[in-house]
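> kindly return the folded structure for what I paste below:
(4 chains)
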There are 2 protein chains.
Amino acid sequence: MADQTICPKFEKALTIINKRWAALIIFQLLEGSQRFCNIESSIGVSGRVLSERLKDLEKEGLVKRTVYDETPVRIEYSLTEKGKSLKPVLQAIQEWADHSIDLNQND
Amino acid sequence: MADQTICPKFEKALTIINKRWAALIIFQLLEGSQRFCNIESSIGVSGRVLSERLKDLEKEGLVKRTVYDETPVRIEYSLTEKGKSLKPVLQAIQEWADHSIDLNQND
DNA sequence: ACACTTACTTACATAAAGTAAGTTAATAAC
DNA sequence: GTTATTAACTTACTTTATGTAAGTAAGTGT
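Okay, the predicted model is just below:
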C-alpha cells in the first residue's frame, strides 16, 4: 500500500473507530457499563466478533474490563476516559443521521 | 442476525460512513472536487475499492460524479450538500484524533 | 507506430466477519 | 446427583470484503 497519509492521527483514529461494530459498541457503552451478553443482544453483533473487538478496544485504551469476584463472577465492560471522549464524535454522527438519513430509501 | 437496533438512523449512518475508506474519501473531497487518480494516490486506496466505494457513495447521495466533455474527458468527484453536511462529523474525529491519538503507541 | 495517461474492470489471493457448535464454571431444577 | 441453563468465551468452518496485479478502451504526445 502506498500510504500517502493525509493526516496520520486522523488515519489512525479511523483504524480504531471505523472497524466494524466498534462505534456501535462504544455508543452502547456510553449508556453505562455493561455485560458481554447484553452488548451482544443490544447491537446484534456475533459473540465471535464482539470478543475480538472488545479486546481491540481494550488494547487501544478505550474500554475497560472489570471482573467482579462474586459467585458467579460478573464481568463488565465500560468506557475509559479516552473512550468517553469519543462522545462528541458519536453525537455528531447522531445529529447527521437525524437530519440526513432517510430510512425509506432502500438501496 | 438479531438486529435489536438501538437507533435505526444511527445504524444506517454507520453502514454508510463506517465502510472502509468511505470516511477518508469524504475527508479528501472536503478539500474540493477531485479526479479518480488523485483520490487514489492521496489516501492510498486501491483502484478496485475506490471505484466500488465511489459508486456506493454516489448511490447514497453523498458524492456527485461529473463528466467534463473536453478532450480527453475529465471526470471529477465532488461532495453533494448531503456529503458536505458530514463535515462536523469528520471535524469531531479530527479533534478527537488530535488530543487522544498517540502515534508512538504501536499495537 | 509506439509509449503513456486516465478511469476503470476482471481475475485471483488473502483477510475479516458471520454462523454455529463447543468449552468451562457455576447455579438452579427435578 | 444427573440434567438444564446462563455467562463469557473459543474453535472450526463458510461467506464476504478487500488487496494485488494485470487488462481494457479511449485519447495524447512524439
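> test of understanding: give the bridge partners of A:K64.
A:S78 (DSSP bridges).
> correct me if wrong: it contacts A:T80.
Yes: the criterion here is Cβ atoms under 8 Å, and A:K64 meets it with A:T80 at 5.2 Å. From N, CA and C alone the C-beta is placed, and that goes for glycine too.
> between the two, which is the more surrounded one?
A:K64 (17 against 14; other Cβ atoms under 10 Å in any protein chain shown).
> ok, that one - contacts?
A:E58, A:Y77, A:S78, A:L79, A:T80, A:G83 (Cβ atoms under 8 Å, 6 or more residues apart in numbering or on different chains).
> buried ones only from the residues you listed, please, as a PyMOL command.
A single PyMOL command selects the buried members of the contacts of A:K64 (16 or more other Cβ atoms under 10 Å in any protein chain shown):
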select buried, chain A and resi 77+79+83
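> pick out whichever of the contacts of A:K64 sits closest to B:Q34.
A:G83 (34.0 Å; Cβ to Cβ).
> does that closest one touch A:L62 like I think?
Yes: using Cβ under 8 Å, A:G83 makes contact with A:L62 at a distance of 3.7 Å.
> now the helices for chain A?
Secondary structure of chain A (DSSP state H): helices at A:8-17, A:22-29, A:36-43, A:47-59, A:81-84, A:87-100.
> most tightly surrounded among these?
helix A:22-29 (a mean of 23; mean count of other Cβ atoms under 10 Å in any protein chain shown).
> could you give me the average pLDDT of it?
The average pLDDT for helix A:22-29 rounds to 97.
> which strands and helices sit next to it?
When contacts are defined as 3 or more Cβ pairs under 8 Å, 6 or more residues apart in numbering or on different chains; DSSP states H and E, helix A:22-29 sits against helix A:8-17, helix A:36-43, helix A:47-59, strand A:63-68, strand A:74-79, helix A:87-100, helix B:8-17.
> many thanks, we can stop here.
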